[in-house]
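S.K.: With the input below, show me the fold.
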Amino acid sequence: MFDFIRNHKRWMQFVLLLLIVPSFMFFGVEGYSSFMSSEPDIAEVDGKPITLGEFNNARRDQLEQYRQMLGSQFDPAAIDTPVFRQDLLNTLIDQRVLGAAAARGRYSVSDDALRNTIAAIPAVQVNGQFSPERYRQVLASQGLTPNDFELGLRRDLVLRQVLGPIGVTASAPLDVTTKLLNIVSQTRTIAIREFKAEQFANTINITDEQIKSWYDQNAQTLKVPEYLTIDYVVLDEDAASKDIKVSAAEIEHYYEQNQTRYSQPERRRVSHILIEVTPDADTAKRQAALAQANDLLVQAKADPSKFAQLARDFSQDPGSAQQGGDLGWISRSTLIPQVEDAVFKLNKGDIGGVIESPFGDHVIYVTDIQAPTVKPLDQVRGDIENEVRRQMASKRFADLATKLSSAVYDQRDSLAPIAKSLGLTLRQATGLSKEGVLRADLLPPGTTVVDIKQRELLDQMKVRQAAFSNEVLKDRLTSGVIEISSDTMLAIHVTAVQPPAVPPLAQVAEKIRIIIKQEAAVKLARTQGESVLAALQSAKNTAEGFGAVQTVSRQNPLDLSANELATVMTANINTPPVFVGVNSANGFRIIEITGVSAGVQADAAQINQFRQQLSQAWGNAQERAALSILRTQYGVKIKPEAEVVIKNN
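M.R.: Residues are numbered from 1 along each chain as shown. Next up, the predicted model:
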């Protein structure tokens, strides 16, 4: 139930903020105003501007943090979106608002408070205690000096005084907490009847006029993004092993040099009885154990067929006793030396002992022997051929990788000569966009579609970044080698660019037909569902066609959508059954609610934990409300230039 309100870990976020401090934090409330005075303004707080330069610096810092966190998975196009830029601008504005409020309120932080805050950061502690050396190491890893960090931290602590007391003092009333817990844990019994679009699709006919009309009104929704046609070469295991022939002499040489891989040494099937003797046993205990082992040896030799039963009854080896003492097939260097030496001196069927070891006294029984064997060459020829080919391909891959890395910089206007000189296949692909390889239905008819393996390769973020870089896209130069993995690399060359465009009607007519039919079928399904719902709610019809009874709650919605769950859990259940209806993506659903039950009664600890989470969420909401008031009080203005920056990158 405690996932119902997200547990905001504000202290951890605060620590992260301390360890990754944006550079604009160090310039003070007005630092950038003078430093970037020649930059255009994009916002204003308390009569003071936020400049484009300040915004770009913060933006660069944020992107660099993402780059460090994501490594090779970093895709600036996926992160540096209008939403990202809008959030960043709001962060800058909020920081400026808080700074103005702190300055006007004359907030300050003492040196002792600053030292105590730093000492409490786990990342700069060793064995729970503040470590000056660790402190300097952590700051150095972030490219910070103690002076810069403490300046930024002091400023942050000052800013937190503006809103911090609001959140800290927020407390959810106990009766509100209890009521919310009851609401969260309440369950309702339901059954569902669905009206799906596909039930009505066969009754719908779409005309060419409807398709044309839809196209004229919605053509822009079909626009295909900019995409490229590229030449590319791939160097991988398949390319490196292409045309490699392994001769019979090479196979025979490998076989002779690796005999141990194809031979099996002598093995013996062994059983034993262990009478355990601990290292600290006194003489009397050792003599008693030896006497028992000798007695068992005599019994076993008298009737070897009873060895397994003797082991079950008397052996103190927990790993083999219940298996009649069987240790399985044993080869050299698998047993302790004392026992192994004795085992390999016995013949098949011999019982030997008593053998002393660090574990105790052993009686051993060799039940079978396999002579050493060597697999004939013909039996392993195929495996050897594959292994030799793999080794040759590995060497060839390294050689080709070096040559390819040099060739793409020596020959930058085309991949064809490179492919020919290195014996690589020159491939073509059409439809590479910034988001990945486009689906076949988005490309002109007759376009060759890449297979699944090549699609996975070209969809790699590294490939897309290289393809849309200035030198590859605009200058039409061959890319450098793009390393996908340790055994796969490629190079690309853009041969054509298709700008964003709406496909002609003939290409998308069938797609539009499907869209119109689906929309019409959904509408019919909803109309039919609403009609049945009205009859059920007026008690004119009996409930028919409903599925199995289910029990749902806010914690366990099963397959209900958020809208359906909200409708079910807020419905008034005075006289069940109650029927409610909800539009679904594929039609309409009638939900019959037949009962309601209180959830499991929470204990005091659960109530307290939920109350803390609720208070934290309440405090966050109050902080946001207070910040909104402060933004108004300090005259926040977002200028038209900001909209251009946010939308157009």
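S.K.: Out of the helices and strands in this structure, which is least certain?
M.R.: For the chain, the helix or strand with the lowest mean confidence is helix 10-19, at a mean of 37 (criterion: mean pLDDT, DSSP states H and E).
S.K.: the helices in the stretch 301-450 of the chain, which residues?
M.R.: Using DSSP state H, counting those that start in this stretch, the helices found in the stretch 301-450 of the chain span residues 307-314, 337-343, 377-410, 416-422.
S.K.: Just the buried positions in stretch 143-158, please.
M.R.: Across stretch 143-158, burial judged by 16 or more other C-beta atoms under 10 Å covers 144, 148-158. Glycine gets a C-beta too; all of them are placed from N, C-alpha and C.
S.K.: How about stretch 623-642?
M.R.: Buried residues in stretch 623-642 (16+ other C-beta under 10 Å): 623, 626-627, 630-631, 634, 636, 638, 642.
S.K.: what do you get for stretch 67-84?
M.R.: Buried residues in stretch 67-84 (16+ other C-beta under 10 Å): 74-75, 80, 84.
S.K.: returning to what we had before: between the buried residues of stretch 623-642, which sits nearest residue 46?
M.R.: residue 634 (4.4 Å; C-beta to C-beta).
S.K.: For the closest one, give its distance to residue 338.
M.R.: 87 Å (C-beta to C-beta, to the nearest Å).
S.K.: Tell me who's in contact with residue 52.
M.R.: Residues near residue 52 by C-beta atoms under 8 Å, 6 or more residues apart in numbering: 36, 39-42, 641, 645.
S.K.: Go through those residues and flag which are in helices.
M.R.: Among the contacts of residue 52, the members found in helices (DSSP state H) are 641, 645.
S.K.: Out of the contacts of residue 52, grab the one that's most surrounded.
M.R.: residue 42 (26 neighbours; other C-beta atoms under 10 Å).
S.K.: I figured that one hits residue 88, correct?
M.R.: No. With contacts counted by C-beta atoms under 8 Å, residue 42 stays clear of residue 88, the gap being 11.0 Å.
S.K.: Tell me the residues that contact both of these two, please.
M.R.: Joint contacts of residue 42 and residue 88 (C-beta under 8 Å, 6+ apart) are residue 55.
S.K.: Let's have the contacts of residue 52 in JSON lines, adding distance to residue 263.
M.R.: Formatted as JSON lines, the contacts of residue 52 follow (distance: C-beta to C-beta, whole Å):
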{"residue": "36", "distance to residue 263": "77"}
{"residue": "39", "distance to residue 263": "77"}
{"residue": "40", "distance to residue 263": "80"}
{"residue": "41", "distance to residue 263": "82"}
{"residue": "42", "distance to residue 263": "77"}
{"residue": "641", "distance to residue 263": "79"}
{"residue": "645", "distance to residue 263": "73"}
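S.K.: which of the contacts of residue 52 lies closest to residue 293?
M.R.: Nearest member of those to residue 293, counting by C-beta to C-beta, is residue 645, at 88.2 Å.
S.K.: Not counting its neighbours along the chain, what's nearest the closest one?
M.R.: Of all residues not flanking residue 645 in the chain, residue 42 sits nearest, at 6.1 Å (C-beta to C-beta, 6 or more residues apart in numbering).
S.K.: what sits against that neighbour?
M.R.: Residue 42 is in contact with 50-52, 55, 89, 638-639, 641-642, 645, counting by C-beta under 8 Å, 6+ apart.
S.K.: Looking at those residues, which are in helices?
M.R.: 52, 55, 89, 641-642, 645.
S.K.: related to what we said a few turns ago, let's have the contacts of residue 42 in CSV, adding distance to residue 329.
M.R.: Putting the contacts of residue 42 into CSV (distance: C-beta to C-beta, whole Å) gives the following:
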residue, distance to residue 329
50, 78
51, 79
52, 77
55, 73
89, 73
638, 79
639, 83
641, 81
642, 77
645, 74
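S.K.: Out of the residues you listed, which is nearest to residue 553?
M.R.: Closest to residue 553, out of all of the contacts of residue 42 and judged by C-beta to C-beta, is residue 89, at 40.2 Å.
S.K.: tell me the contacts of the closest one?
M.R.: Contacts of residue 89 by C-beta under 8 Å, 6+ apart are 42-43, 50, 55, 638, 642, 645-646.
S.K.: Looking at those, which is nearest residue 479?
M.R.: When the contacts of residue 89 are compared against residue 479 (criterion: C-beta to C-beta), the nearest one is residue 645, at 30.0 Å.
S.K.: hang on, isn't that closest one packed against residue 55?
M.R.: Yes. Between residue 645 and residue 55 there is a contact under C-beta under 8 Å: 6.8 Å.
S.K.: quick one: the helices in the stretch 51-200 of the chain?
M.R.: 52-70, 76-79, 82-105, 111-119, 132-141, 146-169, 174-185.
S.K.: would CSV of the ones in helices among the contacts of residue 42 with distance to residue 133 and pLDDT be doable?
M.R.: Output for those, formatted as CSV (distance: C-beta to C-beta, whole Å; pLDDT from 0 to 100):
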residue, distance to residue 133, pLDDT
52, 41, 91
55, 37, 93
89, 39, 95
641, 47, 90
642, 44, 91
645, 43, 89
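S.K.: Dump those to a markdown table, plus distance to residue 422.
M.R.: Output for the ones in helices among the contacts of residue 42, formatted as a markdown table (distance: C-beta to C-beta, whole Å):
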| residue | distance to residue 422 |
| --- | --- |
| 52 | 48 |
| 55 | 47 |
| 89 | 50 |
| 641 | 51 |
| 642 | 51 |
| 645 | 46 |
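S.K.: out of the residues you listed, which one sits closest to residue 455?
M.R.: residue 645 (35.2 Å).
S.K.: Contacts only, for the closest one.
M.R.: With contact taken as C-beta under 8 Å, 6+ apart, residue 645 is in contact with 42, 52, 55, 85, 89.
S.K.: could you measure the first one against residue 514, distance?
M.R.: Distance from residue 42 to residue 514, counting by C-beta to C-beta: 45 Å.
S.K.: ditto for the last one
M.R.: Here the criterion is C-beta to C-beta. By it, residue 89 lies 41 Å from residue 514.
S.K.: Now do the buried residues in stretch 396-404.
M.R.: For stretch 396-404, a neighbour-count test (16+ other C-beta under 10 Å) marks 396-397, 400-401, 404 as buried.
S.K.: Tell me the one of those nearest residue 229?
M.R.: For the buried residues of stretch 396-404, the nearest to residue 229 is residue 404 (21.5 Å; C-beta to C-beta).
S.K.: Give me the distance between that closest one and residue 646.
M.R.: 42 Å.
S.K.: same check, this time on residue 98
M.R.: Where residue 646 is concerned, residue 98 sits at a distance of 22 Å (C-beta to C-beta).
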